[in-house]
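Enquirer: Just to be clear, the model below is a prediction. Sequence and coordinates:
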Amino acid sequence: MISKRIDVIKIFESEGYNIITPEKKSGDDVIAENAAVSRDQAGQDFEYKENIRKNVPHTVTPVLKMIPEAEYDIPTIIEYLNWHMGNVGEIVIGRGEIIRQAIYAILTGEHMLLLSRTGMAKSYLATSIFNIFEGARLFAAQASKDQTPDNYFGPYNIDEFRKGRIRHNIKGSVIEANLVFLDEFFDASDVVLRSLLSVLNERKFINGSEQIDAAVHTTIATANYMRMNEVTEAVLDRFTYKSIIPEDNNVYNQLLIDQTYTISRGKPTEPDKKIFFNQILFLHEIITNRNRDIKVEVPEFIYFMKNVFVTKYVSEMRKNDQNFFISPRKQAKLSDFLRASALVNNRFVVNMDDLREMYLALCTLNSYTSIKNLDKSEKDLYLDVYQKTMNHFKANGALAQIEFLLGIRTIFEEIKNDPEKKDMILKKSSLLDNLKNLLKLVFTGRRKDEDEAITLDSLKKSVFDVTSSVEEVNELKNGILKEYRELT
């Protein structure tokens with residue numbers, strides 16, 4: 001039985017852990033010092049990597065203030081957000097699309113990975129983006145191979161251990177942060193990366209019986225290289241948004257960089273007006289469909305076409321890489337991007353424009369693949385898939401057929417959920433008027449009496465009669481016939 005404190009300390013220190021004791025300065029002291037920093041100085045507590053001291057592996061800024069109730073105005077928030085995207089683009093030259101991608105990562109509550117060679121201003125970019133927001137707890141760490149999980153999750157609490165409980169002192173750790181910056185990400189050991197998995201995905205720190213909810217909203221990780229194994233592959237899937245920062249040899253852009261550096265000296269400038277992080281959380285609640293009063297609608301047609309584009313994109317990518325894979329997790333999360341895209345464009349209904357922009361979440365920006373001996377970016381490949389699919393579907397009448405079949409499926413689903421209201425549902429004008437118009441487009445040669453009643457049997461027959469040379473239309477048709485064959 002271990003009875004002396006010094007024995008306990010030696011056991012943990014032999015494993016490489018940093019132990020908090022009353023004689024040592026704890027992470028709490030660092031937080032207390034940070035809290036004393038003035039508001040103007042607090043915006044610069046989040047330094048980029050050259051200023052992260054190796055003996056203090058992370059920096060955390062305190063929460064500054066809550067958002068005033070009057071500022072929950074969606075158009076105003078979106079206006080400021082778009083202004084900030086443009087503003088950051090003026091100080092981080094030639095990175096406009098990556099900046100947009102990062103903002104979408106924050107709006108959707110997802111994580112982003114930035115890859116490039118050294119000296120490409122990855123840290124400056126991440127710092128500039130996080131500097132937009134006021135009222136968020138920030139955590140920054142430069143990874144190294146000799147770090148242990150307690151560098152990120154806090155050291156073990158000796159007092160709790162003496163009571164027979166293994167607990168971390170999480171004050172100032174990544175668990176309490178809203179926005180996280182992890183530099184030199186793949187320098188971290190597999191032990192650390194494995195520990196980060198549940199925090200990045202489930203927003204929980206799990207260590208045996210110790211389970212703590214994490215406040216992490218978005219992580220931006222940067223790296224100069226990638227190493228692949230089972231652990232890093234699992235971690236990579238948690239980064240919905242990925243970009244490679246390319247070299248920019250455009251002499252005009254280099255001139256702009258010189259001018260910007262002369263003014264900023266490589267440090268993010270303070271914007272005139274920051275966005276309260278609670279405003280972002282408000283938008284995030286809407287985007288993830290958790291706001292009871294405000295919804296961004298995603299029509300069934302958009303969901304269907306999203307999956308068509310993803311499937312065709314994956315098929316094209318596999319022509320060069322047989323192992324290319326989009327996980328079901330990521331494919332489902334694309335819906336959050338679509339809602340965010342609609343909201344950023346001041347709409348509450350997702351449309352085809354948002355599907356066209358989906359490459360921001362689906363593709364690794366500035367990553368190239370070889371198709372038919374030609375190098376093409378993942379973005380361009382997706383846009384080609386999008387345009388060719390739309391042209392093919394329009395030429396074959398598939399778009400009207402898909403909308404028609406999905407409309408009938410909606411009616412079938414309502415009847416299935418409430419059979420007693422079948423007759424009322426079949427007479428609902430809001431559904432049937434659109435359906436009758438689509439009937440004319442889908443069955444151009446069929447003559448139908450406008451006053452003829454629509455019945456369940458006639459709808460089933462209409463589904464059965466749909467003929468198409470487009471594979472996806474036939475899959476939809478057969479799926480509906482199979483799912484609702486028992487519906488009476």
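Expert: Here it is on my side, so go on. Numbering: from 1, shown residues only.

Enquirer: Only C-alpha atoms from now on, for both contacts and neighbour counts.
Expert: Noted.

Enquirer: in the protein, which residue is closest to the centre?
Expert: Closest residue to the average C-alpha location of the chain: Glu110 at 3.1 Å, with CA atoms, centre = their mean.

Enquirer: Contacts only, for that one.
Expert: His217, Thr218, Thr219, Arg238, Phe239, Thr240, Tyr241 (CA atoms under 8 Å, 6 or more residues apart in numbering).

Enquirer: Likewise for Leu193?
Expert: Contacts of Leu193 (CA under 8 Å, 6+ apart): Val231, Thr232, Val235.

Enquirer: Just give me the longest helix of this structure.
Expert: helix 398-417 (DSSP state H).

Enquirer: In terms of secondary structure, what does that helix contact?
Expert: Secondary-structure packing of helix 398-417 (3 or more CA pairs under 8 Å, 6 or more residues apart in numbering; DSSP states H and E): helix 300-317, helix 422-426, helix 429-442, helix 456-465, helix 471-483.

Enquirer: Make CSV out of these and add mean neighbour count and distance to Leu115.
Expert: Putting these into CSV (neighbours: other CA atoms under 10 Å; distance: least, CA to CA, whole Å) gives the following:
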stretch, mean neighbour count, distance to Leu115
helix 300-317, 17, 20
helix 422-426, 16, 53
helix 429-442, 15, 47
helix 456-465, 15, 48
helix 471-483, 15, 36
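
Enquirer: and the contacts of Leu193, which are buried?
Expert: Thr232, Val235 (16 or more other CA atoms under 10 Å).

Enquirer: Which of the contacts of Leu193 sits closest to Gly94?
Expert: Val235 (28.2 Å; CA to CA).

Enquirer: Is it correct that that closest one falls within a helix?
Expert: Yes: under DSSP: H, G, I helix; E, B strand; the rest coil, Val235 falls within a helix.

Enquirer: In a markdown table, list the helices and strands packed on helix 398-417 along with mean pLDDT and distance to Ile175.
Expert: As requested, the helices and strands packed on helix 398-417 are exported to a markdown table (pLDDT from 0 to 100; distance: least, CA to CA, whole Å):
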| stretch | mean pLDDT | distance to Ile175 |
| --- | --- | --- |
| helix 300-317 | 96 | 34 |
| helix 422-426 | 84 | 50 |
| helix 429-442 | 70 | 48 |
| helix 456-465 | 88 | 52 |
| helix 471-483 | 94 | 44 |
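
Enquirer: Nearest to Asp183 among the ones you listed would be which one?
Expert: With CA to CA as the yardstick, what comes closest out of the helices and strands packed on helix 398-417 is helix 300-317 (29.3 Å).

Enquirer: Output the contacting helices and strands for that closest one.
Expert: Right, helix 300-317 is packed against helix 328-344, helix 352-356, helix 378-395, helix 398-417 by 3+ CA pairs under 8 Å, 6+ apart.

Enquirer: Save the ones you listed as a markdown table, and put in mean neighbour count and mean pLDDT too.
Expert: Shown next, in a markdown table, are those (neighbours: other CA atoms under 10 Å; pLDDT from 0 to 100):
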| stretch | mean neighbour count | mean pLDDT |
| --- | --- | --- |
| helix 328-344 | 21 | 95 |
| helix 352-356 | 17 | 98 |
| helix 378-395 | 17 | 96 |
| helix 398-417 | 19 | 92 |
